[in-house]
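# Fold the following.
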Amino acid sequence: MASDTVFQSQLKSFLQFLRFNEGLSENTLAAYRRDLKICQVGVEFSDFKTVSNQQLEDFIYQQFEQGKSAKSIARLISSLKRFAQYLLAQHVISVDPTAKLKSPSIPRSIPKVISEKQVEDLLAAPDLTTPLGLRDKAILELMYASGLRVSEVVTLPYEQLNLSAGLVRVVGKGNKERIVPIGELAIDALKVYIESSRPQLAAKRWVDTLFVSRLGRPMTRQTLWHRIKNLAFEADIRVQLSPHGLRHAFATHLINHGADLRTVQLLLGHSDLSTTQIYTHVAKQRLQALHHKHHPRG
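From the prediction side, this is the model:
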């Protein structure tokens, strides 16, 4: 339909803006596209200029009636507001129909964190007699030492690792760069991987990324996550481990050992301190459990 082309054009230009001006990932862009198409179908508009606040409020109310979670609805509203702000800036619309929309409150979930003992068991799980085992050992040591995201690990360029300085340069969400120190154990594991394992896996093929698959290609997030899950199983870790399990452990264990919140925020690459504050809740829960267990009047 010709009328659909108007919205499609608005959506396309919006996503291009986010991609080139804000450097958002393809996963984030896909989420924006999905949310806005859900809204278009629900409200039944062909041009966002024709949408009213009342239509959007009715649409949001329908989402609640359909049993959608507060988190999903909050994301829909956030996508709509961002889209409207873009169209306002481009003078496509003169009034923001999302101005009165209010996001539902979302209880902040506390990530499940594996203990320091479980981390040690996980780090000891790879088979160091094989190239893949040496690679996995280097990955796990790096992740626990630096708090890198899974996506940052698999896309980490080889040249951004500086072992002599004990630093890794990471380009994270929104193309934000940060320099993260890594400890001696991670450095040692990475040296062994680079010197004896990576050449075998890459098989004389040049690969930009530091870590390569068994076929000598860049690893995918799915491959890395599958490896971590298998190693956790072998280490008899029965906690429901998330893809960011080592990242959560990195942050929580730092705070448990006295690191201040601002430092952890910088290491994790969080733009907002409130995102980092969730780890103080995890640390508090552990302190309370220890107090209850060991204090004579706990």
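
# which stretches of the protein form helices?
2-21, 26-43, 53-65, 70-89, 116-123, 131-146, 150-154, 184-192, 198-202, 221-234, 245-256, 261-268, 273-276, 278-294 (DSSP state H).

# For residue 163, find the nearest of the ones you listed.
Closest to residue 163 of the helices of the chain is helix 184-192 (Cβ to Cβ; 5.4 Å). In short, each C-beta sits where N, CA and C put it, glycine included.

# Now do that closest one: everything it contacts.
If you take Cβ atoms under 8 Å, 6 or more residues apart in numbering as the criterion, helix 184-192 is touched by 134, 137-138, 141-142, 144-146, 161, 163, 166, 182.

# circling back to that earlier point, mean pLDDT lowest where, among the helices of the chain?
Note on those: helix 278-294 shows the lowest mean pLDDT, a mean of 55.

# so how far is residue 6 from residue 12?
Separation of residue 12 from residue 6 (Cβ to Cβ, to the nearest Å) stands at 11 Å.

# Comparing these two, which residue is more hemmed in?
residue 6 (17 against 12; other Cβ atoms under 10 Å).

# Nearest to residue 170, out of the helices of the chain?
From those, taking Cβ to Cβ, the stretch that ends up closest is helix 150-154, at 5.4 Å.

# ok so, going back, turn the helices of the chain into TSV, including distance to residue 211.
Below are the helices of the chain laid out as TSV (distance: least, Cβ to Cβ, whole Å):
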stretch	distance to residue 211
helix 2-21	26
helix 26-43	20
helix 53-65	40
helix 70-89	31
helix 116-123	16
helix 131-146	6
helix 150-154	6
helix 184-192	10
helix 198-202	8
helix 221-234	8
helix 245-256	14
helix 261-268	20
helix 273-276	26
helix 278-294	26
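
# For residue 215, find the nearest of those.
Nearest of the helices of the chain (Cβ to Cβ): helix 198-202, 8.3 Å.

# Report all helices and strands that that closest one contacts.
Packing partners of helix 198-202 (3 or more Cβ pairs under 8 Å, 6 or more residues apart in numbering; DSSP states H and E): helix 131-146.

# List the contacts of the helix it packs on.
Contacts for helix 131-146 (Cβ under 8 Å, 6+ apart): 119, 122-123, 125-128, 148, 150, 153, 168, 170, 180-183, 185-186, 189-190, 192-194, 196-198, 200-201, 211-212, 214, 224, 227-228, 231, 246-247, 249-250, 267.

# quick revisit: can you say which of the contacts of helix 184-192 are buried?
Among the contacts of helix 184-192, those classed as buried by 16 or more other Cβ atoms under 10 Å are 134, 137-138, 141-142, 144-146, 161, 182.

# in stretch 178-187, what's buried?
Here stretch 178-187 shows 178, 180, 182, 186-187 as buried, counting by 16+ other Cβ under 10 Å.

# That stretch: end-to-end distance?
Using Cα to Cα, to the nearest Å, the span of stretch 178-187 from its first residue to its last is 18 Å.

# Check the offset of that stretch from the chain's centre.
Distance of stretch 178-187 from the chain centroid (Cα atoms, centre = their mean, to the nearest Å) equals 20 Å.
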